[in-house]
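A.B. asks: Just to be clear, the model below is a prediction. Sequence and coordinates:
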Amino acid sequence: MELTNCTALVTGANRGIGAAFVTALLEAGASKVYAACRNPGTCDLEFDGGNPCIELVTLDVTEPQSIHELAAVCGDVQLLVNNAGLSTGETLLNATDVSAARREMEVNYFGPLQMSRAFAPILKRNGGGAIVNVLSAAAIVSVPNMGGYSPSKFAARAMGIALRAELADQNTQVQNLIVGSIDTRMAAHVQGKKEPPATVAKAGLKAVRNNIPEVDTDAFAVNVRAAQARDPARLEQQMAAALKLDVLSTGR
């Protein structure tokens, strides 16, 4: 897909990876970027909200009405970036109930699914375009201390593969981004080296230009993929050890 003069919509655009996508798209020559967040009037913006090529729009990916209202006024979209995400920090069994896991599934799986359903006809009318799903290394290996986050990202990855098949006839690309250790607010508690959000945006746009179905966006994601290929049982044990360390550190 050619990005010059395209119109894009980025969810969760006010900070982190979403904001990096807004900036990278403009640098790539996009003529308009709809920057979507739940409350544009009060959110902290990590990009120039005064740029005439950026249109701030209201969106709650868990509310079908919000999605339909946005689709009704964004009929020129050619590229949809499903970036909005949630990690509650709860484990599956130590949480008081399953509400945290439900919220993660609503934001990380049903949100992108509903966005894709709403905008697929728009992309078709505009020549096909592309859908980019910002996922996680937790979508290819289960991370026990992340509770419902990992299952929701597994589901979103499977969704992307299914959508790719369903949308092939209308010439719509679907790119799944496997994101590792990135310096965002969501990953503030994560130890070790982190790469800037711009790394993900750059890898994502390269995948769009070259129609790469799935890409590991950073060194951490690449290393997780390699470890899984070499010795999946050992990697699972390492993930389990991380859960025990988390329990010790939090007292839960």
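C.D. replies: Arrived safely, thanks for sending.
A.B. asks: So what's the gap between stretch 52-63 and the chain middle?
C.D. replies: Distance, stretch centre to chain centre, for stretch 52-63: 15 Å (CA atoms, centre = their mean, to the nearest Å).
A.B. asks: What of stretch 203-216?
C.D. replies: 13 Å.
A.B. asks: Can you classify the nearest residue to residue 79 once chain neighbours are set aside by secondary structure?
C.D. replies: Leaving aside its sequence neighbours, residue 79 sits nearest to residue 8 (CB to CB, 6 or more residues apart in numbering; 4.1 Å). The C-beta positions use only the backbone N, C-alpha and C, and glycine is treated the same way. Using DSSP: H, G, I helix; E, B strand; the rest coil, the structure places residue 8 in strand.
A.B. asks: Is residue 8 bridged to anything, and to what?
C.D. replies: When bridges are called by DSSP bridges, residue 8 pairs up with residue 33, residue 79.
A.B. asks: which residues does it contact?
C.D. replies: Neighbour list for residue 8: 21, 25, 30, 32, 33, 34, 77, 78, 79, 80, 81 [criterion: CB atoms under 8 Å, 6 or more residues apart in numbering].
A.B. asks: what does residue 214 give?
C.D. replies: Shown in contact with residue 214 (CB under 8 Å, 6+ apart): 160, 175, 176, 177, 178.
A.B. asks: try 6 Å
C.D. replies: residue 176 (CB atoms under 6 Å, 6 or more residues apart in numbering).
A.B. asks: Distance of it relative to residue 128?
C.D. replies: 19 Å (CB to CB, to the nearest Å).
A.B. asks: go on, residue 143?
C.D. replies: From residue 143 to residue 128 the distance is 34 Å (CB to CB).
A.B. asks: Residue 68 is in contact with residue 60, correct?
C.D. replies: No: contact criterion CB atoms under 6 Å: residue 60 and residue 68 do not qualify, at 11.6 Å.
A.B. asks: Between those two, which is the more surrounded one?
C.D. replies: Neighbour count, other CB atoms under 10 Å: between residue 60 and residue 68, residue 60 has more, with 18 against 12.
A.B. asks: And for that one, nearest residue in space, chain neighbours not counted?
C.D. replies: Closest to residue 60 by CB to CB, 6+ apart is residue 66, at 4.4 Å.
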